[in-house]
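Participant: Turn this into a structure:
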Amino acid sequence: MNDDDRAEQFIQLLAQHERRLAAYVITFVPRSADADDILQETKLALWRSFDQFEIGTNFGAWARQAALHRIFDFRRRKGRESKHLVFSDACLEQLADAFEQDVHNRETQMERLSGCVAKLSPNHRQILSLRYGEELPVQDVADRIDRTVTATYRVLSRIRLALRDCVCGTGDNVMPASEPTP
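Facilitator: Sure thing, here's the model as predicted:
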């Protein structure tokens, strides 16, 4: 892999995981200015060690591990300045482990949700896309699908319930019951 390809791949992976990485850091560091500094240090460390990252493995987990090391470094520096640190390093490690487990659970749920959405009728997928993909207000969705606002709220509610049942494994069919297609 040449340097340009390597840089492009890094930027792409970082862009995909940046918001979650920032949320991870802010979870452990209360002041946003400190969290921003740690996040920048983490990104720099990730770039410097990107040649050690194995493409195809979990970039998010790798990035969070690097961030956790920066958080520990920050805490050690702050610990010398102040005795007001609330959590021990062991406690932070347990929280980080719980966070990783939660990430795995969310990823599994997202995979299930994608599969359930794929089972919806094209009309229902369009309604979801308009409302949540394009983030249109329900009034605009209703106008686009030629339904009343009340009917649009009703179909959205039924679709969400069907998707919830599908993701949780309690529903056999993701088609909302007795819902006419537009």
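
Participant: center of the chain, which residue is that?
Facilitator: In the chain, the C-alpha nearest the mean C-alpha coordinate belongs to R20, at 5.8 Å (Cα atoms, centre = their mean).

Participant: For whichever helix or strand it is part of, what is the distance to the chain centroid?
Facilitator: Using DSSP states H and E, R20 maps to helix 3-28. Relative to its chain's centre, helix 3-28 lies at 12 Å (Cα atoms, centre = their mean, to the nearest Å).

Participant: gap between Q94 and F28?
Facilitator: To F28, Q94 is 12 Å away according to Cβ to Cβ, to the nearest Å. Just so you know, the C-beta spots here come from the backbone N, C-alpha and C atoms, and that holds for glycine as well.

Participant: Compare the two (neighbour count), which wins?
Facilitator: Counted by other Cβ atoms under 10 Å, Q94 and F28 do not tie: F28 has more neighbours, with 21 against 12.

Participant: excluding its backbone neighbours, what's nearest the more buried one?
Facilitator: Closest residue to F28 apart from its sequence neighbours, by Cβ to Cβ, 6 or more residues apart in numbering: I71 at 5.0 Å.

Participant: ok, now which ones touch that neighbour?
Facilitator: When the contact criterion is Cβ atoms under 8 Å, 6 or more residues apart in numbering, the partners of I71 are 25, 28-29, 38, 92.

Participant: Out of these, who's the most crowded?
Facilitator: Neighbour-wise, those (other Cβ under 10 Å) top out at V25, 24 neighbours.

Participant: which residues are in contact with the helix or strand encompassing D34?
Facilitator: Take DSSP H and E as the rule and D34 turns out to sit in helix 32-48. Residues outside helix 32-48 that contact it (Cβ under 8 Å, 6+ apart): 10, 14, 21-22, 25-26, 29, 53, 62-63, 66-67, 69-71, 74.

Participant: Quick one: buried ones out of those?
Facilitator: Among those, those that count as buried by neighbour count (16 or more other Cβ atoms under 10 Å) are 10, 14, 21-22, 25-26, 29, 53, 62-63, 66-67, 70-71, 74.

Participant: Using pLDDT, spot the least trustworthy of these.
Facilitator: Least confident entry in the buried ones among the contacts of helix 32-48, by pLDDT: V29, with 85.
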